[in-house]
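Student: No letters, just coordinates:
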């Protein structure tokens with residue numbers, strides 16, 4: 001009778017003891033801010049930091065705790081901000097009600113760009129003279145260099161100069177006063193772009209020559225070509241007045257081509273097309289007439305002529321680079337993905353990128369810069385006037401520690417064989433614009 005009297009208490013104590021001895025499983029999925037699985041994220045319990053685990057390809061995680069053994073679950077990654085989830089009394093109760101297990105979703109925020117700089121060496125002056133300033137430069141394959149220079153301004157006339165390997169001038173050519181820049185094409189041929197003209201610049205032995213090109217032909221058939229792999233040519237139909245474009249692959253052997261990737265800023269496209277609703281009647285009638293004449297949608301005509309002149313429009317930037325001998329990388333800053341493509345297998349991989357997000361805080365600037373020798377790709381960040389170059393890991397899409405250039409507000413940055421070349425003139429100085437060189441280390 002006495003035993004029966006105390007049976008409820010005994011059962012309660014046994015239940016407590018049983019509950020306290022049971023393990024509780026906490027599991028779930030880790031995702032990024034876009035809802036995509038965050039794989040290879042390190043996680044561990046705060047009380048057991050030596051027992052580190054990583055999320056799988058789908059972002060799944062799982063840990064076990066004894067009942068009432070409260071702890072914090074830590075998530076760490078070079079790509080995301082550190083986050084801690086407290087596995088306390090509230091979550092334990094939920095787990096007990098759910099057969100000693102509880103599932104939840106963890107959303108990680110992108111890690112803000114941290115300027116972990118390599119202390120720069122004092123740069124070397126590669127070339128400079130007080131007779132004229134350097135506006136632009138390009139290296140030839142044999143180590144010689146072509147400069148675009150001017151004495152006062154380019155509007156009053158520029159001069160192309162050929163330098164030998166020792167940076168000694170060996171020839172020059174005067175240009176009418178509308179030169180803008182030098183630009184290499186996919187064949188490494190150099191072109192001089194002017195306001196209304198385009199010239200091919202070439203060297204015959206030690207003599208510098210230029211030949212006028214058909215400007216329309218250059219911008220239609222030469223400038224869009226990016227690179228080649230075997231018999232395949234890669235190009236785009238990019239236009240700075242339209243918020244979408246395609247990358248193409250053209251095979252010279254059988255004259256076939258296919259679309260590799262479509263790049264589009266969907267929000268910008270929506271604003272671009274909606275501009276038609278707000279223009280005046282005269283503009284709408286003009287756009288209707290243009291649609292009849294050309295077959296191009298009236299909304300595109302208004303977007304290209306009106307919206308592109310507003311403060312809300314930004315031309316697309318999603319560059320393609322050849323890496324190695326047989327693969328391409330496309331940095332789509334609107335899908336937040338880095339795509340890898342090979343002619344044999346197509347798109348073999350894609351990795352999330354985040355260095356460009358919140359660019360006002362990080363200082364990210366266009367363009368991405370590729371080392372012309374090694375093929376490495378660098379992101380450019382501007383902080384306090386200083387330029388920071390951060391290599392982008394081709395496997396993970398993360399940016400590595402950055403290299404800070406020595407001078408502020410440098411121009412025309414090029415990277416060749418882990419050496420950075422740029423043009424610089426000290427602020428409020430009588431010095432002309434020189435070319436400097438720094439080693440990336």
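Tutor: Thanks, I have the structure now. None of these values were measured; they are calculated from a predicted model.
Student: From residue 221, how far off is residue 191?
Tutor: The gap separating residue 191 from residue 221 is 13 Å, by CB to CB, to the nearest Å. Where you see a C-beta, it was placed from the backbone N, CA and C, and this is true even at glycine.
Student: Among the two, which residue is more densely surrounded?
Tutor: residue 191 (21 against 11; other CB atoms under 10 Å).
Student: Read off the pLDDT value for that one.
Tutor: If you check residue 191, the pLDDT there is 95.
Student: got a list of contacts for the helix or strand harbouring it?
Tutor: In this structure, residue 191 sits in strand 190-194 according to DSSP states H and E. With CB atoms under 8 Å, 6 or more residues apart in numbering as the test, strand 190-194 has contacts from 138, 146, 148, 160, 175-176, 178-185, 198-202, 210, 213, 218, 222.
Student: Okay, buried residues for the very next helix or strand once past that strand please.
Tutor: For strand 190-194, the following helix or strand on the C-terminal side (DSSP H and E) is strand 198-204. Of all the residues in strand 198-204, those buried under the rule 16 or more other CB atoms under 10 Å are 198, 199, 200, 201, 203.
Student: cool, and stretch 364-384?
Tutor: 364, 368, 369, 370, 371, 376, 377, 378, 379, 380, 381.
Student: Also stretch 316-331?
Tutor: In stretch 316-331, counting by 16+ other CB under 10 Å, buried: 316-323, 327-331.
Student: Spatially, which two of these are the most separated?
Tutor: 316 and 327 (22.6 Å; CB to CB).
Student: Could you pull up the mean pLDDT of the helix or strand where residue 300 lies?
Tutor: In this assignment (DSSP H and E), residue 300 forms part of helix 298-305. The average pLDDT within helix 298-305 is 95.
Student: secondary structure class for residue 361?
Tutor: Assigned by DSSP: H, G, I helix; E, B strand; the rest coil, the conformation of residue 361 is helix.
Student: ok, how many other residues are close to it?
Tutor: Neighbours around residue 361, by other CB under 10 Å: 9.
Student: got any ranges where the protein has weak pLDDT?
Tutor: Residues of the chain that meet the criterion pLDDT under 70 lie in 1-21, 112-121, 177.
Student: ranges for the helices of it?
Tutor: Using DSSP state H, the helices of the chain run over residues 2-5, 7-21, 89-97, 215-217, 266-274, 281-294, 298-305, 359-362.
Student: Show residues contacting the helix holding residue 300.
Tutor: 241-242, 272-273, 275-276, 279, 283-284, 286-288, 290-291.
Student: now do stretch 242-253
Tutor: If you take CB under 8 Å, 6+ apart as the criterion, stretch 242-253 is touched by 231-239, 256-265, 268-269, 272, 300, 303-304, 313, 316, 320, 330, 343.
Student: For that stretch, buried residues please.
Tutor: 242, 243, 244, 245, 247, 248, 249, 250.
Student: Between which two of these is the distance greatest?
Tutor: Distance extremes for the buried residues of stretch 242-253: the farthest pair is 243 and 250 at 24.1 Å, using CB to CB.
Student: that older thread, any idea of the angle the strand holding residue 191 forms with strand 198-204?
Tutor: For strand 190-194 against strand 198-204, the angle by axes from the mean of the first three to the mean of the last three CA atoms, to 10 degrees is 140 degrees.
Student: Paired strands for strand 190-194, with orientation please.
Tutor: strand 179-184 (antiparallel), strand 198-204 (antiparallel) (DSSP bridges).
Student: To residue 396, which of those lies closest?
Tutor: Comparing the strands paired with strand 190-194 by CB to CB, strand 179-184 comes nearest, at 29.4 Å.
Student: Any buried residues in the closest one, and which?
Tutor: 179, 182, 183.
Student: among the contacts of stretch 242-253, which ones are buried?
Tutor: Of these, these count as buried by 16+ other CB under 10 Å: 232-236, 238, 260-261, 263-265, 268, 272, 300, 303-304, 313, 316, 320, 330.
Student: hmm, back to that, for the buried residues of stretch 364-384, which one is nearest residue 64?
Tutor: residue 379 (40.4 Å).
Student: That closest one is in contact with residue 366, isn't it?
Tutor: No: here residue 379 does not reach residue 366: they are 9.7 Å apart, not a contact under CB atoms under 8 Å.
Student: ok, residue 36 touching residue 352?
Tutor: Yes: if you go by CB under 8 Å, residue 36 and residue 352 touch, sitting 6.4 Å apart.
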